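J.: show me how the following folds:
(chains A, B, C and D, ligands or ions: 6)
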Amino acid sequence: MKMLINVPETVVADALRGMAAAHPELTVDVENRVVVRRDAPMAGKVGLVSGGGSGHEPLHGGFVGPGMLSAACPGEVFTSPVPDQMLRAAAAVNSGAGVLFIVKNYTGDVLNFDMAAELAEDEGIEIAKVLVNDDVAVTDSLYTAGRRGTGATLFVEKIAGAAADEGQPLERVQSVARQVNENSRSFGVALSACTTPAKGSPTFDLPAGELELGIGIHGEPGRERRAMMTSGEIADFAVQAVLDDLPPRNPVLVLVNGMGATPLLELYGFNAEVQRVLTQRGVAVARTLVGNYVTSLDMAGASVTVCQVDEELLRLWDAPVSTPGLRWGM
Amino acid sequence: MKMLINVPETVVADALRGMAAAHPELTVDVENRVVVRRDAPMAGKVGLVSGGGSGHEPLHGGFVGPGMLSAACPGEVFTSPVPDQMLRAAAAVNSGAGVLFIVKNYTGDVLNFDMAAELAEDEGIEIAKVLVNDDVAVTDSLYTAGRRGTGATLFVEKIAGAAADEGQPLERVQSVARQVNENSRSFGVALSACTTPAKGSPTFDLPAGELELGIGIHGEPGRERRAMMTSGEIADFAVQAVLDDLPPRNPVLVLVNGMGATPLLELYGFNAEVQRVLTQRGVAVARTLVGNYVTSLDMAGASVTVCQVDEELLRLWDAPVSTPGLRWGM
Amino acid sequence: MLDADFFRRWMTATAASVHREADRLTALDSPIGDADHGSNLQRGFTAVTAALEKEETDTPGAVLVLAGRQLISTVGGASGPLYGTLLRRTGKALGDAAEVSEAEFAEALRAGVDAVMQLGGAAPGDKTMIDALVPAVAALGDGFGAAGTAAERGAEATTPLQARKGRASYLGERSIGHQDPGATSSALLIAALGEAGGK
Amino acid sequence: MLDADFFRRWMTATAASVHREADRLTALDSPIGDADHGSNLQRGFTAVTAALEKEETDTPGAVLVLAGRQLISTVGGASGPLYGTLLRRTGKALGDAAEVSEAEFAEALRAGVDAVMQLGGAAPGDKTMIDALVPAVAALGDGFGAAGTAAERGAEATTPLQARKGRASYLGERSIGHQDPGATSSALLIAALGEAGGK
Ligand SMILES: Nc1ncnc2c1ncn2[C@@H]1O[C@H](COP(=O)(O)OP(=O)(O)O)[C@@H](O)[C@H]1O
Ligand SMILES: Nc1ncnc2c1ncn2[C@@H]1O[C@H](COP(=O)(O)OP(=O)(O)O)[C@@H](O)[C@H]1O
Ligand SMILES: [Mg+2]
Ligand SMILES: [Mg+2]
Ligand SMILES: [Mg+2]
Ligand SMILES: [Mg+2]
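T.: Ligands and ions are numbered 1, 2, ... in the order given. As a prediction, this is how the structure comes out:
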């Protein structure tokens, strides 16, 4: 596989240098791998820190800015960042009002953020945590590492970010974030594997005429392989899986998310089918977001995330946001 | 090649249905294939209409909205739309102040927009036209259809859109658009071919270890094939080609554009190298935009567009814009 | 003499061969184009046959003007306006006669081809549809069979040429060695005259 | 008795075999993981050897605590905190003795492995590094060679297991039939004891 890179060893540092050049409104510490809002710490306001392996861009670095994250810690490709990064980020954004760690539920992310939380608390920074685990493809959580954090991360970061920017206290920002997570479910499919710079070849073989159902966002295979399906059939399967797990009573936010190499033309077409299934199931849609937001490098495929919202969550979703990856109202 | 579609015949209509669902702020006429700003026609203001083959999303439909296009006409994949579409769009956005057609320089687009202009003028709509032709990979324009319109289209649409929204007259909006085009140059490379729904297989073979230099945005091969290069070498080659053709004396806008399947992680890394070359050549960078904006379906690769701006163009570039694909300041 | 029915049969025969050869036309449009020529013409001639079934056309000129308008309104791309203009202008040149001679048709087609050259700016040797159409018009005096053969030869003769018009021109010397898709479809159009006319 | 030098040699030998086997570890991490285990450990042990060259460490405990801290600060992922904790806790259990017996080391390593089980929540049979580390600790009484063999066998024995921890658990039954990358690297770590110790 060909990549637009120099050498695999420097992809993350190179990307951060490029990000720094494109986004003077952010403070990008390339050496220590921390991306911080220029105006952090914001007096009296809760800091919001997330992070995870790289390769999911714009998540998380692209969601740093007014109305969303205060800081992000990019790890190596598909590898959780190290505690030193989260500690540095927490120190940079803490105004005394405390810091919320937004952690996608993967063993590595959980362990590293936990270590960072201990270190931060040793330094007198109050830390709260929210775990994102929205992926319904992972079942039997007794026998697994539990549900993965995928598309709902965007909803949690946006809505908690709005709450933090309003000056809500740590406890409240945390409970809003938890509420978003608890009301969110996702399901993803892959039409191709992705290629990590370190490996240089696809992480798994996916023959023509087959697709993977129930994939994560780290190039791992899914739960099941099937003969290729149409966009309509995939929407039926994915939306069903999501709604069966959490039949919404309230209106929902919908994220139709590309895995990286799926053209927007296809994603919008897929959205038409997703909306059809939601309508058939009587689900009211409040807002829809279509695009490549929580990606797996160059994987072809898509995921659907649905988040049930009350008026307060919808208000926070609609609040102004200004980040490289998500922007409206300012 | 697998695609997230139902059948090739309906991809454009399906995408428009999905776009309509995701963007209630736009009027999407699926049957007649026209995307229009909700608030069009705007009293006393020039209407801005563009369009072209589909497969380049977010271009053009994703650039309809306040501060940018008034309407867009999506054709079949990689096929110019038909005059009926442009005529309908012109009628929908004309407030009496006239309509500017923004046309990428391809034989099909030029012929169809010209026919539409005739029909529109028959109906009493004043039409002006700007041709976008920024691609320096096409040389010897005496022996070719002339330079293609690629990345500069985004700059033209954004800046002319700001001028139109300010209420500048047709003649002035047209001359601003021309000024942007004349001061813009692009160069693109492909690491893989793309696959059109109609063909179902890559439009050309590109063996591992090779890349195409000087590609367009329609899956056509480039001018030259070479052994794979690093991100830094590609930046040297592409930026050089652009600057040799138009050595800028003013600061520039830079677009580091992905062709569709190149991860943002790689694009940002590529941007770091592009900025390095610009700095080495003494070019001052005013603004940089990194992302998948003018795409070729699932092609892997990138293009660099540089646009020399004076204070007025920069002011118009910075003006608020609110479209699905480009948004800031509102 | 050729009546409106003959021209309807011409369009139907062209539609049939475009459908049959669509994949080949798209394949030819891949190495030196954007892989849509087959589907473009399929869409166009589907609309042409539908329109001819729906709308009354009682003169040769009316058939071709309607067909041309359909192509312009449904094909897009370069070939839509060019083929649309070819048929429209040929039709207009035929006036409103109920029947036309083969010589009158040859004259009108020449006018149509001239209009295409004017619209697209291509000359013979630029590796476009013109390279099939111009020899076809020249051979039409010897009958439809001769015109078909001339168009087919003209299309084949585009292979060694370097394109100077249309998308293929972007490739420079790399366009050499590939047969032009538009010239190929033009050969199908001319060959369909024989199928329609019996001659 | 084992002195600080021995533990430094252990780390160096581990680093060497991690570099040698990095591609294999990443390959094992592809079908049931995210294809980074080899590069993760390479990055970590590069940092460990650099730190051991730069910083003074005069007790076995100090060597392992420093190495563990390096892994935590440079690896990330699941294996960073887990291997980091293994070495740190083993080192802490060794206290500040200048030399330790093999039995004392075995005891300390058991404490380290216990800490890993507590941190990650994995038990033997969950298809993780634990499946190589637990048998290694049990066999350590019979010498480094026996421990190496036990770890190697433990790693191989993960193949038929269904993963219940880490990324591979997402695959459910599809995780069966693949050897666990972390168990494989643990076998390298234990094997390196033999290379360091001469025993
Ligand atoms: N300027 C021109 N004059 C005449 N024919 C042209 C011209 N440009 C292109 N063509 C013809 O059009 C064909 C391509 O048609 P098509 O693929 O349908 O359109 P597009 O190039 O817009 O994708 C070419 O093979 C060529 O024969
Ligand atoms: N909860 C756990 N307890 C013990 N070991 C684990 C646990 N989770 C994962 N591992 C080990 O970590 C290895 C994967 O490490 P690595 O690939 O470096 O991290 P990641 O899974 O974050 O990409 C697995 O093969 C497994 O042996
Ligand atoms: Mg990992
Ligand atoms: Mg085309
Ligand atoms: Mg074409
Ligand atoms: Mg891994």
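J.: can you get me a residue count around the closest residue in space to residue C:180 that isn't next to it in sequence?
T.: Among residues not flanking residue C:180 along the chain, residue C:158 sits closest, at 4.0 Å (Cβ to Cβ, 6 or more residues apart in numbering or on different chains). From N, CA and C alone the C-beta is placed, and that goes for glycine too. Other residues lying near residue C:158 total 26 when counted by other Cβ atoms under 10 Å in any protein chain shown.
J.: where in chain A is pLDDT low?
T.: Applying pLDDT under 70 to chain A flags residues A:141.
J.: got the domain boundaries for it?
T.: Split into domains by automatic domain parsing, chain A comes to A:8-183, A:184-308.
J.: start to end distance for the last one?
T.: Domain A:184-308 has an end-to-end distance of 6 Å (criterion: Cα to Cα, to the nearest Å).
J.: that domain: how far from the chain's middle?
T.: Centroid separation between domain A:184-308 and its chain, computed with Cα atoms, centre = their mean, to the nearest Å, is 14 Å.
J.: ok, now stretch C:96-109?
T.: 17 Å.
J.: give me the mean pLDDT for it.
T.: Stretch C:96-109 carries an average pLDDT of 97.
J.: quick one: end-to-end length of that stretch, please.
T.: End-to-end distance for stretch C:96-109, by Cα to Cα: 15 Å.
J.: and that stretch, which residues are buried?
T.: Within stretch C:96-109, the residues scored as buried using 16 or more other Cβ atoms under 10 Å in any protein chain shown are C:100, C:102, C:104-109.
J.: ok, of those, which one's closest to residue B:76?
T.: Of all these, residue B:76 sits closest to residue C:109, with 28.1 Å by Cβ to Cβ.
J.: strands of the chain, start to end?
T.: By default, I'm working from chain A. When secondary structure is read from DSSP state E, chain A shows strands at A:26-29, A:34-37, A:47-54, A:71-77, A:99-104, A:127-132, A:184-190, A:210-213, A:224-227, A:252-258, A:285-291, A:301-308, A:321-322, A:327-328.
J.: switch to chain C, please.
T.: Under DSSP E, chain C gives strands at C:2-3, C:99-100.
J.: next, format those strands as a markdown table and append distance to ligand 6.
T.: Formatted as a markdown table, those follow (distance: least, Cβ to the ion, whole Å):
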| stretch | distance to ligand 6 |
| --- | --- |
| strand C:2-3 | 74 |
| strand C:99-100 | 76 |
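J.: what sits against the residue in the stretch 101-250 of chain A that chain B sits nearest to?
T.: As assessed by Cβ to the nearest Cβ, chain B sits closest to residue A:191 within the stretch 101-250 of chain A, at 4.3 Å. When contacts are counted by Cβ atoms under 8 Å, 6 or more residues apart in numbering or on different chains, residue A:191 touches A:206, A:211, A:228, A:262, A:300-301, B:2-4.
J.: which of these has the most neighbours?
T.: Scoring these on neighbours with other Cβ under 10 Å, the highest-scoring entry is residue A:301 at 29 neighbours.
J.: my guess is residue A:287 contacts residue A:253, does it?
T.: Yes: in this structure residue A:287 lies within contact range of residue A:253 using Cβ atoms under 8 Å: 5.0 Å.
J.: sorry, back to before: tabulate the strands of chain A (CSV), appending distance to chain C.
T.: What follows is those, written out as CSV (distance: least, Cβ to the nearest Cβ, whole Å):
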stretch, distance to chain C
strand A:26-29, 38
strand A:34-37, 39
strand A:47-54, 34
strand A:71-77, 33
strand A:99-104, 40
strand A:127-132, 42
strand A:184-190, 25
strand A:210-213, 24
strand A:224-227, 24
strand A:252-258, 23
strand A:285-291, 25
strand A:301-308, 23
strand A:321-322, 37
strand A:327-328, 33
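J.: anything in the longest helix seen in chain C sitting right up against chain B?
T.: Using DSSP state H, we find that the single longest helix of chain C is helix C:4-28. Yes: interface with chain B: helix C:4-28 contributes C:26-27 (Cβ under 8 Å from any Cβ of the partner chain).
J.: just checking, what packs against that helix?
T.: In terms of contacts (3 or more Cβ pairs under 8 Å, 6 or more residues apart in numbering or on different chains; DSSP states H and E), helix C:4-28 is packed against helix C:37-54, helix C:60-74, helix C:181-197.
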